[in-house]
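Engineer: Structure of the sequence below:
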Amino acid sequence: MGHDAFTHHGLGSSALMIIGALHMRSGQSIEELVGSSSVSRATAYRTLRRLSRHGLVHQTDQTWALTPRALEGIGVPTRASQSTSGRAPALDWNALADDYGTAGTAAQRRALHAAERTVYHQALERLTEHRSKAVVIVRDSRTVLAPAPRADEIPAPWRSPDGSVLDPATGHPAPDWRVATDGRLILITPADQRSYDELAAAHAQALSEWESAA
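Structural biologist: Here you go, the predicted structure:
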């Protein structure tokens, strides 16, 4: 399927299915090919006529078979190919792709997919940068992205093993503050209705006091 000869505007995937079925078992009728190649009856007739014009299959009574070098894309003269004006037996798969104008389709598809993946990763990077700016540090000659600290993230020295928050001034647990189960958010008592911005400001002030005390 990766070859340009079997693209949509070339021989098509049905031709590959027919060739594969006849390669597995030669001398099949139309009814048998419908089952072995998983194509419809109309598609089987249409595809066999196309392959026959290229000298890749031949018919004997009611059965069809591949010509000797059909798997290489090399056809032989058949009644169908001889009766088609200007149609010579196929030389190889590349020549067939050139004949149908599909040469280079696979390469174009791979380039398109690579470009789409690049755009997708760039979009993900932009989303990541939008969520939180990262700090670039170099460790052991390797560049490492360290996420910037959040306003509601608790420094490790403030955390107590039991989940309480240590008061930076006294070093004792602050009764109205708790570390959430995710280890990031500060939980406060229900009586405290401060907004996120107020909470972030309180955190910044407490952090400043902690650093001053240190």
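Engineer: where does the nearest residue to Pro68 once chain neighbours are set aside fall, helix, sheet strand or coil?
Structural biologist: Nearest residue to Pro68, sequence neighbours excluded (C-beta to C-beta, 6 or more residues apart in numbering): Val76, at 6.8 Å. (Each C-beta comes from the backbone N, C-alpha and C, glycine too.) When classified by DSSP: H, G, I helix; E, B strand; the rest coil, Val76 comes out as coil.
Engineer: Val76: neighbour count?
Structural biologist: By the criterion of other C-beta atoms under 10 Å, Val76 has 15 neighbours.
Engineer: got any ranges where this structure has weak pLDDT?
Structural biologist: 1-2, 78-87, 126-154, 163, 176, 178-196, 213-214 (pLDDT under 70).
Engineer: can you give me phi and psi for His54?
Structural biologist: Dihedral angles phi and psi of His54 (degrees, to the nearest 10) take the values phi -90, psi 0.
Engineer: Trp64 should be in a helix, yeah?
Structural biologist: No. The assignment for Trp64, made by three-state DSSP, is strand rather than a helix.
Engineer: Apart from its chain neighbours, what residue comes closest to it?
Structural biologist: If the residues on either side of it in the chain are set aside, Trp64 comes closest to Val57, at 5.4 Å by C-beta to C-beta, 6+ apart.
Engineer: Helices of the protein, start to end?
Structural biologist: Listed in chain order, the helices found in the chain under DSSP state H are 13-24, 30-37, 41-53, 79-83, 93-100, 105-131, 196-213.
Engineer: Okay, and the beta partners of the residue nearest to Trp64?
Structural biologist: Beta-bridge pairing of Val57 under DSSP bridges involves Leu66.
Engineer: I'd like the distance between the spatially most central residue of the chain and Arg69.
Structural biologist: To find the centre residue of the chain, average its C-alpha atoms and take the closest one (C-alpha atoms, centre = their mean): that gives Arg117, at 7.4 Å. Remark: distance between Arg117 and Arg69 (C-beta to C-beta, to the nearest Å) = 38 Å.
Engineer: now Met17
Structural biologist: Remark: distance between Met17 and Arg69 (C-beta to C-beta) = 19 Å.
Engineer: Could you do Gln62 as well?
Structural biologist: Plainly put, Gln62 is 24 Å away from Arg69 if you go by C-beta to C-beta.
Engineer: And for Glu211?
Structural biologist: In terms of C-beta to C-beta, Glu211 sits 81 Å off from Arg69.
Engineer: Same drill for the two, tell me which one is more crowded.
Structural biologist: The neighbour count for Glu211 versus Arg69, taken as other C-beta under 10 Å, is higher for Arg69 (15 against 10).
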